[in-house]
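**Student:** next input, structure requested:
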Amino acid sequence: MAYKIAVFDAKPYDMATFNKANEAYGFELVYHKEHLDKNNVLLASGTDAVCIFVNAKVDEEVVSKLHSYGVKLIALRCAGFNNVDIAAAARKGIKVVRVPDYSPHAIAEHTLALMLCLNRKVHRAFLRTRDGNFSLIGFQGFDMYGKTIGVIGTGKIGKVATGLFQGLGMNVLAYDLYPDTKWADATGVRYVSLDELYANANIITLHCPLTKETEYLICDESIAKMKEGVMIINTGRGKLIHTRHLIEGLLNGKVGYAGLDVYEEEGAYFYEDHSDSVMTDDVLARLLSFNNVIVTSHQAFFTQEAMSNIAHTTMNNILDFFNGKELKNEVVYNKA
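**Tutor:** Purely as a prediction, here's the structure:
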């Protein structure tokens, strides 16, 4: 039996990768360019499972409709699951699976790229030299060697990123709710409190999940504790940063640089071409106006290797579900 899977938010690169991977699975894949929400959930009717991405909005209403259509599984092709009402899915008996690990190297390398680009003003130099202007005024950076970087979140991505930073000769301070002291001892990383990290880090990079505890982790209160001219990098989740507070920090000079691959209200813009329309998001427009800010399109994950891993892990999750096997990547609802 060929199980029918509705793949939402499908771009040409998604379809190419999933079609190639599906040669080994034989699912019936039905692609939809829209991200799943209450307005288009009807598209899932007649399917066995839905495959969604970060901009889907699967609230209780959507879960109820999926259940009424006979959908048995929600397969996230990403690590985060804050856009799915896990409690509602559990009540309706719909399993939720995700891709917790696709390529920590992809995220870590993009993090480093943002840091280097901001520090050495590569984005500005690219535009300036194209106009025949080879002046160095305003382009002075700093040696990253010997500087202190604060890594918030030391899961797989944070660990890989730390290795890159140490390769540049940087001192690493780390914070994690569940510190891996064995790893820290082996690598020379020092776990500290958030306050100590804020006070001593020249650069702060976020690699923690978005939870109630970490939402708006970077805000006016935490920014006030940071070093003058700090660089902040976020390749995690948009709501780790209170964007309006970040903008205030940029305006008063407390924040010297910001590299953002994610944005708290990115769902309305990211992954789509809006170049022919007026940007109505005043906060995002303001961010883009700073020459010491780089915003990329939630693309840190976007490498050949990561895309292939995402497709195969997603399809393995789906196959395991329909074969009645243990779901090692299941998102389990915790009542507590």
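**Student:** neighbours of Leu197, just the number please.
**Tutor:** Here the number of neighbours of Leu197 (other Cβ atoms under 10 Å) works out to 23. (Glycine included, C-beta is placed from N, CA and C.)
**Student:** so what's the gap between the one helix or strand it maps to and the chain middle?
**Tutor:** Taking DSSP states H and E as the criterion, the element that holds Leu197 is helix 194-200. Once both centres are worked out by Cα atoms, centre = their mean, to the nearest Å, helix 194-200 turns out to sit 23 Å from its chain's centre.
**Student:** dump the C-alpha coordinates for it into PDB.
**Tutor:** Output of helix 194-200 as PDB, limited to C-alpha atoms (Å, rounded to 0.1, in the frame of the first residue of the first chain):
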ATOM      1  CA  LEU A 194      23.900  33.900  32.100                       C
ATOM      2  CA  ASP A 195      24.900  37.100  34.000                       C
ATOM      3  CA  GLU A 196      28.600  36.200  33.800                       C
ATOM      4  CA  LEU A 197      28.300  35.300  30.100                       C
ATOM      5  CA  TYR A 198      26.600  38.600  29.400                       C
ATOM      6  CA  ALA A 199      29.200  40.600  31.200                       C
ATOM      7  CA  ASN A 200      32.200  39.000  29.600                       C
END
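**Student:** can you name the element that comes right after it?
**Tutor:** strand 203-206.
**Student:** can you tell me how far Thr205 sits from Asp9?
**Tutor:** Separation of Thr205 from Asp9 (Cβ to Cβ, to the nearest Å): 27 Å.
**Student:** cool, Ile294 as well?
**Tutor:** Applying Cβ to Cβ, the value for Ile294 to Asp9 is 24 Å.
**Student:** please say which of the two ends up with more neighbours.
**Tutor:** Higher neighbour count among Ile294 and Asp9: Ile294, with 22 against 19, using other Cβ under 10 Å.
**Student:** hmm, Asn234 and that one touching each other?
**Tutor:** No - using Cβ atoms under 8 Å, Ile294 is not in contact with Asn234; the gap is 11.0 Å.
**Student:** any low-confidence regions in the protein?
**Tutor:** 1, 336 (pLDDT under 70).
**Student:** again, 80 this time
**Tutor:** Along the chain, segments meeting pLDDT under 80 span 1, 334-336.
**Student:** all set now, cheers.
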